[in-house]
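Asks: Below are the sequence and a predicted model; questions follow.
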Amino acid sequence: MKMIIRQLDNSYSDQLIDLILTIQQKEFNVPITIEDQPDLKMIESFYMEPGGNFWGAFIDDELVGSIALVKFDERAGAVRKMFVKKEFRGKELNIAQELLEVLISFCRENGIDAIYLGTVNILKAAMRFYERNHFSQVEKKNLPASFPLMNADNVFYYLNINQKV
């Protein structure tokens, strides 16, 4: 199985919605709908025009993972929409890791040196993944004022990508 990571645009909206809502609603029972995430229907204007991006991981032309960056400040971005289909998770394929590395490279190339993200405390594996990747937990009150909060999120992380680990 060979994985390819591609930049996504609006033409991938339906595939993304299918991937993300299935994981949110069916796997984790998060009460979130497409109406709560209109950004999935406007990838170019919401993510790319302000200076962020959106990527998808494909195996045999099937979208199996996603990650996005919302640039919300001159030198800061928020990681969003990090999802990998259940049957493609784990170290064998390393999809989440590769998606995160593509996002970090993009940040380095575009002068973004701080990345933040919010997640939900029931997503224990996601939290371990971010911690393994040197993200530090940050209190909600210490997030930048312009950080784009999502209602469901209750755990927040920060990474300075220029920090030597």
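Replies: Received it, and whenever you're ready, just let me know what you need. Numbering: from 1, shown residues only.
Asks: From now on I want contacts and neighbour counts done on CA atoms only, so please keep to that.
Replies: Will do.
Asks: ok, longest strand in this protein?
Replies: For the chain, the longest strand by residue count, based on DSSP state E, is strand 62-73.
Asks: Give the pairing partners of that strand; include direction for each.
Replies: strand 53-59 (antiparallel), strand 76-84 (antiparallel) (DSSP bridges).
Asks: Give me the residues contacting it.
Replies: For strand 62-73, the external contacting residues (CA atoms under 8 Å, 6 or more residues apart in numbering) are 15-16, 19, 46-47, 50-58, 77-85, 88, 95-96, 99-100, 103, 146-148.
Asks: Could you save the strands paired with strand 62-73 as TSV and add columns showing mean neighbour count?
Replies: As requested, those are arranged in TSV below (neighbours: other CA atoms under 10 Å):
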stretch	mean neighbour count
strand 53-59	21
strand 76-84	22
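Asks: For Val120, which residues are in contact?
Replies: With contact set as CA under 8 Å, 6+ apart, Val120 has these partners: Ala152, Asp153, Asn154, Val155.
Asks: Apologies, that question was intended for Glu139.
Replies: Val155, Phe156.
Asks: any idea how far it is from Phe156?
Replies: As judged by CA to CA, to the nearest Å, Glu139 and Phe156 stand 7 Å apart.
Asks: ok, back up a step: pipe the strands paired with strand 62-73 into JSON lines and attach mean pLDDT and distance to Lys41 per row.
Replies: Formatted as JSON lines, the entries for those read as follows, by pLDDT from 0 to 100; distance: least, CA to CA, whole Å:
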{"stretch": "strand 53-59", "mean pLDDT": "98", "distance to Lys41": "12"}
{"stretch": "strand 76-84", "mean pLDDT": "97", "distance to Lys41": "13"}
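Asks: Helices along this protein, start to end?
Replies: Assigned by DSSP state H, the chain shows helices spanning 13-21, 43, 95-109, 124-132.
Asks: Ok, which of the ones you listed comes nearest Pro31?
Replies: The closest approach between Pro31 and any of the helices of the chain, judged by CA to CA, belongs to helix 13-21 at 9.9 Å.
Asks: Would you mind listing the outside residues contacting the closest one?
Replies: Helix 13-21 is contacted from outside by 32-34, 40-43, 63-66, 81, 83, 85, using CA under 8 Å, 6+ apart.
Asks: How about the contacts made by Gly51?
Replies: Residues counted as contacts of Gly51 (CA under 8 Å, 6+ apart) are Val70, Lys71.
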